[in-house]
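>>> Attaching a predicted model along with its sequence, questions to come.
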Amino acid sequence: MKVKFITLLVVVLCNESFHAQTTKEVSDDYLANYTSLNFDKLCQYYTDDSIFEDATMSYFSQDQSYQKPVGAKNIVSFLKEGFAKISNVNYAIKEQYQAGIMSFYYGTLHYDYEINNGGEPKTIQFNLPLAIVLKIENGKVIHHQDIADYNVWMEQYNKQVK
């Protein structure tokens, strides 16, 4: 009886570490493509039911609404449009961990953003505190959630637009 229990325990522990490793590998690869703006490659990580969510974008809305695209096509289209004027992206990760099907990253997203400042193009640089939470199932990103500090973003914007 003890041998069967120990064997079962070893099998369970091995399977759990395999799933955590798979989640980490998928998450890390996905995040590398996300932060390098390789949106066409991101399609392979989504399903028709995948969700992309950044509720902190409600900061910019009077009624506190925000878009929440669902499905690979809609998410990639949303990202391409939203990141169209962004370049030189680097995500400096300060903390990360994976637990089961969840991956958590926290760091600073550094990027350049091109604006039209009185008819003249201008590049603004941002250092945005950002948490990214991913739910991974069967090698796919089922839910991507960004949580950004747009108070910091607005301070940086106002200083550089002058």
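The structure has been received and is ready for your questions.
>>> can you pull the buried residues of stretch 109-117?
Neighbour-count burial for stretch 109-117, counted by 16 or more other C-beta atoms under 10 Å, picks out 109, 111, 113. Where C-beta positions appear, they are placed from N, C-alpha and C, glycine not excepted.
>>> now swap in stretch 124-133 and tell me
124, 126, 128-130, 132-133.
>>> Let's see which of those end up in helices.
Among those, none falls in helices (DSSP state H).
>>> Lowest-confidence member of those residues, which is it?
On pLDDT alone, residue 124 ranks lowest of these, at 94.
>>> Tell me which residues touch that one, please.
112-115, 156-157, 160-161 (C-beta atoms under 8 Å, 6 or more residues apart in numbering).
>>> now, which of these sits nearest residue 71?
residue 113 (26.8 Å; C-beta to C-beta).
>>> just checking, the closest one touches residue 123?
Yes: with contact defined as C-beta atoms under 8 Å, residue 113 counts as touching residue 123 (7.0 Å).
>>> Could you list the residues in contact with the helix or strand encompassing residue 107?
Using DSSP states H and E, residue 107 sits in strand 102-117. The contact list for strand 102-117, computed with C-beta under 8 Å, 6+ apart, reads 23-24, 27, 31, 35, 85-98, 121-136, 148, 161.
>>> Restricted to strands, list those.
86-98, 121-136, 148 (DSSP state E).
>>> so who does the most centrally placed residue in the chain touch?
Nearest to the geometric centre of the chain sits residue 132, at 4.5 Å (C-alpha atoms, centre = their mean). Contacts for residue 132 (C-beta under 8 Å, 6+ apart) come out as 31, 34, 103-106, 144-147.
>>> give the contact list for residue 96.
103-106.
>>> switch to 7 Å and redo it
104-105 (C-beta atoms under 7 Å, 6 or more residues apart in numbering).
>>> Residue 89 too?
Per C-beta under 7 Å, 6+ apart, neighbours of residue 89: 35-37, 111.
>>> ok, 8 Å please
35-37, 109-111.
>>> How about residue 39?
Residue 39 touches 33, 76, 79-80, 83, counting by C-beta under 8 Å, 6+ apart.
>>> one step back: how close does the residue nearest to the centre of the chain sit to residue 31?
7 Å (C-beta to C-beta, to the nearest Å).
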